[in-house]
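> need a 3D model of the following:
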Amino acid sequence: MANAFAANPGSMSSFTPMSRSRVGMPMSARSLSMYSIAVSAIASAPGGLLICLEDLLGWWPDHPQPVALDAILALAAHDPEQALEEALRGRVPYGCDGRVALQAAGAEVIDRALWRWPFSAGTDYLVCATVARTG
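Numbering: from 1, shown residues only. Got it, this is the predicted structure:
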């Protein structure tokens with residue numbers, strides 16, 4: 001199992017050990033970057049708002065998902081949190097979760113939106129925007 005790390009809020013290049021339970025998963029180099037960006041943004045904007053944009057899921061030939069994009073978007077129109085729960089049943093990128101990074105860094109989520117990103121012909125992504133208030 002990989003060690004979990006958290007970024008020092010004062011420097012994106014300085015990392016200190018962090019318990020697995022606080023983050024919820026071992027962190028890859030990619031998630032370390034996401035976490036360090038979230039922590040640095042929160043530290044640099046006390047009392048401000050932070051918007052985290054993520055492409056949660058992708059659909060393209062030979063890459064099916066166990067959830068339907070249109071069903072997620074229909075849910076999102078009325079209940080973004082329920083739509084996010086449905087989306088998380090899909091094959092999301094492992095170890096790269098900006099929502100977990102925001103939570104672990106102490107940001108308060110105040111809003112969320114999901115939409116289709118038509119990346120290219122035959123390829124769609126589900127984008128999640130999480131708006132959080134920094135401490």
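
> can you give me the helices for this structure?
For the chain, applying DSSP state H gives helices covering 20-23, 29-44, 69-76, 80-87, 98-104.

> output the below-cut-off pLDDT ranges for the chain.
In the predicted model of the chain, residues 1-35, 38-39, 43, 95 satisfy pLDDT under 70.

> tell me which residue of it is furthest from the middle?
Farthest-out residue of the chain from its mean C-alpha position, per CA atoms, centre = their mean: residue 121, at 24.9 Å.

> for it, give me phi and psi.
Main-chain dihedrals, residue 121, degrees, to the nearest 10: phi -60, psi 120.

> just give me the residue right at the centre of the chain.
So for the chain, CA atoms, centre = their mean, it's residue 98, sitting 2.8 Å from the centre.

> and it, how far from residue 59?
20 Å (CB to CB, to the nearest Å). (Glycine included, C-beta is placed from N, CA and C.)

> the residue nearest to the centre of the chain contacts residue 130, correct?
Yes - applying CB atoms under 8 Å, one finds residue 98 in contact with residue 130, separated by 6.7 Å.

> just want the angle from the longest strand along the chain to helix 69-76.
The single longest strand within the chain, with elements called by DSSP state E, is strand 108-120. Counting by axes from the mean of the first three to the mean of the last three CA atoms, to 10 degrees, strand 108-120 points 150 degrees away from the direction of helix 69-76.
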